[in-house]
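Colleague: Mind looking at a prediction? Sequence and model below.
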Amino acid sequence: MLDYLQNPPIKHSLMQKLIAIDSPNYFALTPNALQKIQQDKEALNALFQTKAIKPFNFNVESFYFLLDKLSKQYKVALILSSHKMLYEASLHFKKNTFIPLIPNIEDGKIPIQKALAEGADCFIVPYLNEDILTSNAHLDTILKPYFSIWDISYALALKLPLPKNANIYLANGENLGLIRPLGIMASQREDFYGLSGNYLEIENLYAVFLSALQTQKISNKDYAPSFFENLQNLLGEDSYIFYPSVANTLSLGLKGIKARDFIQSLIFDNIRLINGQDCLFGFLNPSFVLQLMGYTQERARELLSISFIDFQGDTQKLAQKLAQKYLQLKLLGG
């Protein structure tokens, strides 16, 4: 329940709509299919205030082809604390193809002036930096004169204001309860700025995406401060925050833990936690973002990337349970 930002429950009723058709060649066999999908596109474009929309998979291949097209048109600044699959795709290009940007270890913010000084004219920006959940929303104004692509997945999940100056939005359906790797690309121009070739439509994708957004729940109260206060009252300096993050999120640190062991110790208490995207995808390494920033693996394993989406519980009792498990593991040397 504390990992619902990155790992929400699947919305089975919506996924059923994606597999409700009787044939994979639905568009060829159904006369009004394209008319229906155009209506769904218009509804989703109206919500995003964009002019064109298409499917976009959040996998290495899709990100690779996007980066390849961008690198031929722009001098691209790539914020590496983006989706893990985007980061993995970037590793397949020659060194210096992109201007890499990593959050500062001091404050978790992106050193955007570095890229501007090097002549970047295109920016790929995550609304929140992965794992540490610091916000890049303030970059929207700074990047207004430049071409920018924003991953707004977490903004949608947390119902935060979208960047107004983005040329293209990327949105991951996984963060709204759809199965991996379904997502969408929404553009301020109908030609997607030359970044899109022919593509196959997915029946009901846009209608399902719109329903997922409309049914997304987020706690009106910010539970993060009271939870951390309760936890720190119990653990003192053994609990800390890596960096300030947006409402209802925490980049929590617990000194000396191995995140995987701590997370597994809470499974039978029905408390779900996550260290970061590497943890989400089942990789053995701790947060790739913290390691890029210069943290050791040991420190990176102390991170718990927490969210309180649709949380209805008692933060004091929750803090007591986590503190109890922490002290047990510490006593056992884990």
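Modeller: Sure, I can see it.

Colleague: C-alpha only now, for contacts and for neighbours.
Modeller: Will do.

Colleague: all helices for the stretch 1-150 of the chain, in order.
Modeller: Along the stretch 1-150 of the chain, counting by DSSP state H, counting those that start in this stretch, helices occupy 12-18, 26-29, 33-48, 60-73, 84-90, 112-117, 139-142.

Colleague: do you know which of the ones you listed lies nearest G173?
Modeller: helix 12-18 (10.8 Å; CA to CA).

Colleague: Which strands and helices lie in contact with the closest one?
Modeller: Applying 3 or more CA pairs under 8 Å, 6 or more residues apart in numbering; DSSP states H and E, one finds that helix 12-18 makes contact with helix 205-215.

Colleague: Residues contacting the helix it packs on, please?
Modeller: Residues outside helix 205-215 that contact it (CA atoms under 8 Å, 6 or more residues apart in numbering): 14-15, 17-18, 37, 40-41, 43-44, 55, 156-157, 173, 176-177.

Colleague: Would you mark the buried spots in that helix?
Modeller: Using 16 or more other CA atoms under 10 Å as the test for burial, helix 205-215 gives L205, Y206, A207, V208, F209, L210, A212, L213.

Colleague: just stretch 73-87 next, same as before
Modeller: Result for stretch 73-87 [16+ other CA under 10 Å]: buried residues 75-87.

Colleague: Could I get the average pLDDT for it?
Modeller: For stretch 73-87, the mean pLDDT works out to 96.

Colleague: Now K255: closest residue in space that isn't a chain neighbour?
Modeller: Nearest residue to K255, sequence neighbours excluded (CA to CA, 6 or more residues apart in numbering): D238, at 5.1 Å.

Colleague: Now that that neighbour has come up, it's in contact with L254, right?
Modeller: Yes. The criterion here is CA atoms under 8 Å, and D238 meets it with L254 at 5.7 Å.

Colleague: Give me the more crowded residue out of those two.
Modeller: The neighbour comparison of D238 against L254 (other CA atoms under 10 Å) goes to L254, with 22 against 16.

Colleague: Please list all residues in contact with the closest residue to that one other than its chain neighbours.
Modeller: Of all residues not flanking L254 in the chain, S239 sits nearest, at 4.7 Å (CA to CA, 6+ apart). Taking CA under 8 Å, 6+ apart, we find S239 in contact with L231, Q232, L252, G253, L254, K255.

Colleague: so which of those comes closest to N167?
Modeller: For the contacts of S239, the residue nearest N167 by CA to CA is L252; the value is 33.0 Å.

Colleague: Would you mind pulling the contact partners of stretch 144-155?
Modeller: Contacts with stretch 144-155, where a contact means CA under 8 Å, 6+ apart, come from 5, 82, 121-128, 161-163, 165-173, 175.

Colleague: And those residues, which of them are buried?
Modeller: With burial judged by 16+ other CA under 10 Å, the buried subset of the contacts of stretch 144-155 is 5, 82, 121-128, 162-163, 165-173, 175.

Colleague: can the contacts of S239 go into CSV with extra columns for distance to K94?
Modeller: Formatted as CSV, these follow (distance: CA to CA, whole Å):
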residue, distance to K94
L231, 45
Q232, 45
L252, 35
G253, 35
L254, 38
K255, 38
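
Colleague: Now do the end-to-end distance for stretch 77-95.
Modeller: Terminal residues of stretch 77-95 lie 13 Å apart, using CA to CA, to the nearest Å.

Colleague: got the contact list for that stretch?
Modeller: Contacts of stretch 77-95 (CA under 8 Å, 6+ apart): 58-61, 63-64, 67, 98-103, 110, 115, 120-126, 129-130, 151, 277-278, 289.

Colleague: now the strands: where do they sit in the stretch 51-200 of the chain?
Modeller: When assigned using DSSP state E, counting those that start in this stretch, the strands of the stretch 51-200 of the chain occupy the ranges 52-55, 76-79, 99-101, 122-126, 147-151, 168-172, 183-187.

Colleague: Now tabulate those strands in CSV and tack on distance to L329.
Modeller: Shown next, in CSV, are the strands of the stretch 51-200 of the chain (distance: least, CA to CA, whole Å):
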stretch, distance to L329
strand 52-55, 45
strand 76-79, 36
strand 99-101, 36
strand 122-126, 34
strand 147-151, 37
strand 168-172, 35
strand 183-187, 39
